[in-house]
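Colleague: When you get a sec, could you give me coordinates for this:
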Amino acid sequence: MGVMIQVFFGVGTTTLSVVAYFISDWYTLELAMAVPVAIFLIYWWVIPESPRWLMNKFRDEEAEVIIRRAADVNRVKLPDNLFEQQEKTEAETHDNDKPKGNFFHLFTTPIMCLRTLIIFFNWFVVSMVYYGLSLNSDNLGAGSLHLNFLLAGLVEFLAIGLAMSVIDKIGRKILHCLCMIIGGVSCIVTIFTILYAEASLQWVTVMLAMIGKVGATGSFTVIYIFSSELFPTIIRHSATGASSSCARIGGMGVN
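Modeller: Okay, here's the model as predicted:
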């Protein structure tokens, strides 16, 4: 599932290319793509609150309602006294003794600091390459903008499928390095095809750019999982959020 969620990046890219083909005005295109997102506001009433969060806030009655509803769906029989007083006291004591993490804990030890900086740099580079190829499809020199952008979206499904099939076989680190190397070399070679290749060979530039997009998408897919598994639980959210911020900086560098 950690890989599957990346599919929606490709869905968004391909959908945008199709809609943009029929809507040429940028303002109308922005509205057409953004307004339907308002449907997710219904999640406020549809998706239940996290029982774990409710329990941490001592709202056990609300948590029990949600847990029993989930148990009914899964046909699981729960005891009548779901929250025993003794178990609740032990859980509260355990939660109070649990160490708290924050962003600065990412740099408390030399090893953790080195890992953090390497992960930050990888997020920065992956985002820069990914959005660089996605947002500069009109500079490939062959075909129409809409076709190039559509191809850039379709190859994401190929990259995600490949990543899903081998990520547990060869490991996160090797797969991430392979994707980075393949994507980087392909992007570097496009410099020579753009400058020196004849017009009839511009399809080579498009092919190399798509290979680069496969590498960038594969790297993006792996780095999400790699980062979440690398850091300790108490600072995982801080690490993932900070890493994603570095990716946004890399994406802004494209523009």
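Colleague: from here on, contacts and neighbour counts on C-alpha atoms
Modeller: Noted.
Colleague: what stretches of this structure score poorly on pLDDT?
Modeller: Per-residue confidence for the chain (pLDDT under 70) gives these ranges: 84-101, 139-143, 199-200, 254-255.
Colleague: so where do the helices sit in it?
Modeller: Secondary structure of the chain (DSSP state H): helices located at 7-22, 26-34, 43-46, 51-56, 60-73, 85-97, 110-135, 145-170, 172-196, 202-230, 236-254.
Colleague: Does anything pack onto the third one? Which helices or strands?
Modeller: Helices and strands touching helix 43-46, by 3 or more C-alpha pairs under 8 Å, 6 or more residues apart in numbering; DSSP states H and E: there are none.
Colleague: For it, buried residues please.
Modeller: Neighbour-count burial for helix 43-46 flags no residue at all (criterion: 16 or more other C-alpha atoms under 10 Å).
Colleague: Contact partners for Ala159?
Modeller: Taking C-alpha atoms under 8 Å, 6 or more residues apart in numbering as the criterion, Ala159 is in contact with 214-215, 217-218.
Colleague: so who does the residue nearest to Gly253 when sequence neighbours are not counted touch?
Modeller: Closest residue in space to Gly253, ignoring its immediate chain neighbours: Met128 at 6.8 Å, by C-alpha to C-alpha, 6 or more residues apart in numbering. Taking C-alpha under 8 Å, 6+ apart, we find Met128 in contact with 247, 250-254.
Colleague: Recalculate using a threshold of 10 Å.
Modeller: For Met128, the set of contacting residues under the criterion of C-alpha atoms under 10 Å, 6 or more residues apart in numbering consists of 122, 134, 216, 247-255.
Colleague: With Val126 instead?
Modeller: With contact taken as C-alpha under 10 Å, 6+ apart, Val126 is in contact with 132, 179-180, 183-184, 215-221, 223, 247, 250-251.
Colleague: try 7 Å this time
Modeller: Val126 sits next to 216, 219-220 when contact means C-alpha atoms under 7 Å, 6 or more residues apart in numbering.
Colleague: which one of those is nearest Val7?
Modeller: Phe220 (11.4 Å; C-alpha to C-alpha).
Colleague: what separates the residue nearest to that closest one when sequence neighbours are not counted from Arg75, distance-wise?
Modeller: If you skip the residues right next to it in sequence, Phe220 has Val126 as its closest partner in space, 6.1 Å away by C-alpha to C-alpha, 6+ apart. In this view, Val126 and Arg75 are 43 Å apart by C-alpha to C-alpha, to the nearest Å.
Colleague: try Leu54
Modeller: Applying C-alpha to C-alpha, one obtains 23 Å for the distance of Leu54 from Arg75.
Colleague: Give me the neighbour count for Pro36.
Modeller: Residues lying near Pro36 (other C-alpha atoms under 10 Å) number 9.
Colleague: Ok, Gly10 next?
Modeller: Gly10 sits with 21 neighbouring residues when counted by other C-alpha under 10 Å.
Colleague: picking up where we left off before, would you mind giving me the ChimeraX syntax to select the buried ones in the contacts of Ala159?
Modeller: Buried residues within the contacts of Ala159, as defined by 16+ other C-alpha under 10 Å, are selected in ChimeraX through the command that follows:
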select :214,215,217,218
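Colleague: Which one of the contacts of Ala159 is nearest to Val37?
Modeller: Among these, Thr217 lies closest to Val37 (C-alpha to C-alpha), at 23.7 Å.
Colleague: how about the nearest residue to Thr205, chain neighbours excluded?
Modeller: Sequence neighbours aside, Thr190 is the residue nearest to Thr205 in space, at 5.5 Å (criterion: C-alpha to C-alpha, 6+ apart).
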